[in-house]
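Peer 1: one predicted model, sequence on top.
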Amino acid sequence: MARNRIPLIAAAALAALTLAGCAALGPKHPVGNAAVPQPAKSVELSRYLGRWYEIARYDQSFVKDCDGVTADYALRSDGGLDVLNRCRKPDGRITDAKGRAKIVDTATNAKLKVSFFGPFYGDYWVIDHADDYSWSIVGEPSGRYLWLLNREAQPGEARVAELVARARALGYDTAMLRMTRQP
């Protein structure tokens, strides 16, 4: 019995080391040792559902060269969310990433865990959003990820400036943002 556990333990240890190594990649929280912003308000899931257009992001390898990025959220029967992220590559090819999310802070619904790869979940925090859910700022505890989202693909310069200013006020380094071109 103990012999059968050794490969399982070794695989678990390798997975843990891999995840720890991934956590060390990318920029740390953009304001150094400052605390990561906490969600500013609760999220009504029914109002958060639907399509969001990415306006800007901290660039990451899994979205390299992506434009026309959208995220669609739909409620599942178990109370979690189905997630569909879509991006357009420079050659015009569309790529989809299907995932699922679960709420980890049921008091506010603002802290979720999202998985696109089996049992591996990452933090997804709705840091702030408009009262009418027309825009949203999403991050996570390490500060390595940041997304500025909007309900319209072309929100206009004033809205983009508002979102960038709000992210800056939350302590993010907005010079690291990559603006997303939407069709």
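Peer 2: Received, thanks. In this text, all values refer to a predicted model and were calculated from it rather than measured experimentally.
Peer 1: from now on I want contacts and neighbour counts done on CA atoms only, so please keep to that.
Peer 2: Noted.
Peer 1: do a quick rundown of the strands in this protein.
Peer 2: Taking DSSP state E, the strands of the chain run over residues 50-58, 67-75, 81-88, 94-103, 111-117, 120-129, 135-139, 146-150, 177-179.
Peer 1: looking at these, which is buried most?
Peer 2: Using mean count of other CA atoms under 10 Å, the stretch among the strands of the chain with the largest mean neighbour count is strand 146-150, at a mean of 25.
Peer 1: would you put the C-alpha positions of that strand in CSV?
Peer 2: This file holds the C-alpha atoms of strand 146-150, laid out as CSV (Å, rounded to 0.1, in the frame of the first residue of the first chain):
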residue,chain,number,x,y,z
LEU,A,146,-5.1,43.4,-13.7
TRP,A,147,-8.0,43.7,-16.1
LEU,A,148,-10.1,46.8,-16.9
LEU,A,149,-13.4,45.6,-18.3
ASN,A,150,-16.4,47.4,-19.9
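Peer 1: which helices and strands sit right next to it?
Peer 2: With contacts taken as 3 or more CA pairs under 8 Å, 6 or more residues apart in numbering; DSSP states H and E, strand 146-150 sits against strand 50-58, strand 135-139.
Peer 1: so how far is stretch 89-97 from its chain's centroid?
Peer 2: Centroid separation between stretch 89-97 and its chain, computed with CA atoms, centre = their mean, to the nearest Å, is 19 Å.
Peer 1: follow-up on the earlier one: any chance of the strands of the chain in JSON lines, with mean pLDDT and distance to Glu162 too?
Peer 2: JSON lines is the format used below for these (pLDDT from 0 to 100; distance: least, CA to CA, whole Å):
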{"stretch": "strand 50-58", "mean pLDDT": "97", "distance to Glu162": "12"}
{"stretch": "strand 67-75", "mean pLDDT": "96", "distance to Glu162": "20"}
{"stretch": "strand 81-88", "mean pLDDT": "96", "distance to Glu162": "24"}
{"stretch": "strand 94-103", "mean pLDDT": "95", "distance to Glu162": "28"}
{"stretch": "strand 111-117", "mean pLDDT": "94", "distance to Glu162": "23"}
{"stretch": "strand 120-129", "mean pLDDT": "95", "distance to Glu162": "12"}
{"stretch": "strand 135-139", "mean pLDDT": "97", "distance to Glu162": "10"}
{"stretch": "strand 146-150", "mean pLDDT": "97", "distance to Glu162": "10"}
{"stretch": "strand 177-179", "mean pLDDT": "96", "distance to Glu162": "14"}
